[in-house]
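# here you go, sequence then predicted model.
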Amino acid sequence: MARAGAPRVALVIPTLNEAEAIAGTLAEIPIGVVDLVVVADGGSADGTQEIAAAAGATVLASGRGFGRACLEGVCEARDADIIAFMDADGADDPAFLPALLKPLADGKADFAIASRTRGVREPGAMAWHQVVAGRAAGFGIRALYGVAYSDMCTFRAIRRDALVGLGMRELTYGWNIEMQMRAARAGLAIVEIPVAYRRRRGGVSKVAGNLSTTLTAGTRIVSTFLRVATGTAPPAAPRAVAPNKM
């Protein structure tokens, strides 16, 4: 139920085999801050969906693909005014959700993104290549659109109407950078919020867990950057390109 007089907020959490962390992540969400929690699961085989449902989240079987999970979560949250995104592994601290949401609720921003590099990081929470990738992406986006990002993490919040207007298409790990690029190109009011960042609370990272996953995710991110920068659209499921379905 929406809080009286406040924008309706949905929190989308994409998951894949996060049984060790998801219960703790959901338990840390501040009471009264969000109206709907959507766990969009990419086919977990470890009980993630059941644990999330038992904790009170709305659970979707979204199919594989980080961006696909995020998109399905957005589609589920049709009545939300603001959509926030957060990782399931406990590294993002939900205590910073109010700080991300406030500029949007106050009408001062359309898009708020957390910055791990500007905040306090627990030792070992970010690999060196994650820091470098975030800075490289920020440099490229600034060169193209004049917007300086310092990170491209999942933890963010955006007005739902603004997100639909971006025409998001990427169904892979390129979702985050696509959103940042399209938001900058569209001239959205953007703010960065420094946040604390922790080591994951269990399980294995799907991006930084090993060299293979890091290379796969990195390739998707780079290809997405090039596609958006050059205006070349990737193949997309019908639902991904139909704003009226979002």
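Yep, it's here. None of these values were measured; they are calculated from a predicted model.

# from what I can see V131 touches T117, true?
Yes: with contact defined as CB atoms under 8 Å, V131 reaches T117; the gap is 6.0 Å. Where you see a C-beta, it was placed from the backbone N, CA and C, and this is true even at glycine.

# how far away is R185 from C70?
The gap separating R185 from C70 is 19 Å, by CB to CB, to the nearest Å.

# of the two, who's got more company?
A direct count of neighbours by other CB atoms under 10 Å for R185 and C70 places C70 higher, at 26 against 16.

# how close does that one sit to V195?
C70 sits 19 Å away from V195, going by CB to CB.

# likewise for A137?
To V195, A137 is 18 Å away according to CB to CB.

# need the residue closest to the centroid of the protein.
Nearest to the mean C-alpha position of the chain, counting by CA atoms, centre = their mean, stands T154 at 3.2 Å.

# in a strand, it, correct?
No: per DSSP: H, G, I helix; E, B strand; the rest coil, T154 lies outside any strand segment and is coil.

# can you give me the strands for the protein?
For the chain, the strands defined by DSSP state E cover 9-15, 36-41, 58-61, 82-85, 111-115, 156-159, 190-194.

# with only the CA atoms kept, save the fourth one in CSV.
Presented in CSV, the C-alpha positions along strand 82-85 are these (Å, rounded to 0.1, in the frame of the first residue of the first chain):
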residue,chain,number,x,y,z
ILE,A,82,10.0,5.7,-8.5
ILE,A,83,11.9,2.5,-9.2
ALA,A,84,15.1,1.6,-7.2
PHE,A,85,17.5,-1.2,-8.0
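
# distance between it and the chain's centre?
The chain centroid and the centroid of strand 82-85 are separated by 8 Å under CA atoms, centre = their mean, to the nearest Å.

# just to revisit the earlier point, out of A137 and V195, which sits in the more crowded spot?
Taking other CB under 10 Å, A137 and V195 do not tie; V195 has more neighbours (25 against 21).

# how about the more buried one, phi and psi?
The phi/psi pair for V195 (degrees, to the nearest 10) reads phi -130, psi 160.

# what sits against it?
The contact partners of V195, by CB atoms under 8 Å, 6 or more residues apart in numbering, come to D92, D93, F96, A99, L100, A114, S115, R116, G119, F155.

# mind giving me the PyMOL command for buried ones among the residues you listed?
In PyMOL, a selection of the buried entries from the contacts of V195 looks like this (16 or more other CB atoms under 10 Å):
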select buried, resi 92+93+96+100+114+115+116+119+155
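
# any chance of the contacts of V195 in JSON lines, plus distance to E170?
As requested, the contacts of V195 are exported to JSON lines (distance: CB to CB, whole Å):
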{"residue": "D92", "distance to E170": "21"}
{"residue": "D93", "distance to E170": "26"}
{"residue": "F96", "distance to E170": "25"}
{"residue": "A99", "distance to E170": "27"}
{"residue": "L100", "distance to E170": "22"}
{"residue": "A114", "distance to E170": "20"}
{"residue": "S115", "distance to E170": "21"}
{"residue": "R116", "distance to E170": "21"}
{"residue": "G119", "distance to E170": "26"}
{"residue": "F155", "distance to E170": "18"}
